[in-house]
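K.L.:
Okay, predicted coordinates and the sequence, questions at the end:
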Amino acid sequence: MQEYLNTFIRSVFMENMLFTYFLGMCSFLAISKNVRTAFGLGVAVTFVLLVTLPVNYLLDNYVLKAGALLWLGNVFEGVDLSFLSLIIFIAVVAATVQLLEMVIEHYLPALYNSLGIFLPLIAVNCAILGGSLFMQQKEFPTIGIATTYAFGSGVGWLLAITGMAAIRDKLQYSDIPKPLKGLGIAFIITALMGIGFMSFSGIKI
């Protein structure tokens, strides 16, 4: 249980996809103008991570790695399909996003319209693919740990974009110098939030 909690806390705060690795910045800056829309996108990203990362974990460990197909028989002992990892991971992400897009369009049309082009673009959100590639790099011992990492990464991204949207919403009542309005002040706030999240890196868990 301790390992699950440590993995979750690290993925949310110390290894935050946005403020540590700056993955998914395009949709983060574009959608973080409205809290409700930002929260909706954050939930969607979390869902996609929760589905794709465990699936990619299973594919990586039981199909793609060198010797992963040994369960089919000794004749497959030397088979190494790791060169297909990237394209397989992308295919899983794209299929999941397509399914999510159809569900949101049918049941949440208002959110679908507010997200616009950024909903299908979750398929190319580097935070999603980054999660699977980090999973491969970190070599998690079980699918449970990998799923916890996926959930924590999604929650971290959700926390970041929702917090940014809340700050930008309040900035409408602030006297910001004209050259910094819009993306200018958004970049400054992102940097300050990133510095704030860096303070968690000193925590030992």
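P.N.:
Here it is on my side, so go on. Fair warning: this is a prediction, and the values are worked out from it, not measured in the lab.
K.L.:
Following the chain onward from the longest helix seen in the chain, which element is next?
P.N.:
Longest helix in the chain by number of residues (criterion: DSSP state H): helix 143-170. Going down the chain from helix 143-170, the next helix or strand is helix 183-198, by DSSP states H and E.
K.L.:
Dump the C-alpha coordinates for that next one into CSV.
P.N.:
Output in CSV follows, covering the C-alpha atoms of helix 183-198 (Å, rounded to 0.1, in the frame of the first residue of the first chain):
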residue,chain,number,x,y,z
LEU,A,183,-0.4,34.5,-23.4
GLY,A,184,2.3,36.8,-22.0
ILE,A,185,1.0,36.7,-18.4
ALA,A,186,0.0,33.0,-18.9
PHE,A,187,3.6,32.1,-19.5
ILE,A,188,4.7,34.0,-16.5
ILE,A,189,2.1,32.3,-14.3
THR,A,190,3.0,28.9,-15.7
ALA,A,191,6.7,29.5,-14.7
LEU,A,192,5.7,30.6,-11.2
MET,A,193,3.5,27.6,-10.7
GLY,A,194,6.3,25.4,-12.0
ILE,A,195,8.7,26.9,-9.4
GLY,A,196,6.0,26.3,-6.8
PHE,A,197,5.7,22.6,-7.7
MET,A,198,9.5,22.3,-7.6
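K.L.:
Report the buried residues of it.
P.N.:
Buried residues in helix 183-198, counting neighbours by 16 or more other Cβ atoms under 10 Å, are found at 185-186, 189-190, 193, 197. Every residue, glycine included, has its C-beta placed from N, CA and C.
K.L.:
I'd like those as JSON lines, with pLDDT and distance to Phe8 appended.
P.N.:
Compiled in JSON lines, the buried residues of helix 183-198 are given as follows (pLDDT from 0 to 100; distance: Cβ to Cβ, whole Å):
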{"residue": "Ile185", "pLDDT": "89", "distance to Phe8": "32"}
{"residue": "Ala186", "pLDDT": "89", "distance to Phe8": "28"}
{"residue": "Ile189", "pLDDT": "90", "distance to Phe8": "26"}
{"residue": "Thr190", "pLDDT": "90", "distance to Phe8": "24"}
{"residue": "Met193", "pLDDT": "90", "distance to Phe8": "20"}
{"residue": "Phe197", "pLDDT": "85", "distance to Phe8": "15"}
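K.L.:
Can you tell me which of these is nearest Asp80?
P.N.:
Among these, Phe197 lies closest to Asp80 (Cβ to Cβ), at 37.7 Å.
K.L.:
Wait, Leu41 touches Pro120, no?
P.N.:
No - applying Cβ atoms under 8 Å as the test, Leu41 and Pro120 come out as separate, 11.9 Å apart.
K.L.:
Looking at those two, which one has more neighbours?
P.N.:
Set Leu41 next to Pro120 and count neighbours by other Cβ atoms under 10 Å: Leu41 wins out with 29 against 14.
K.L.:
what's near enough to touch the more buried one?
P.N.:
With contact set as Cβ atoms under 8 Å, 6 or more residues apart in numbering, Leu41 has these partners: 27, 31, 115, 118-119, 122, 161.
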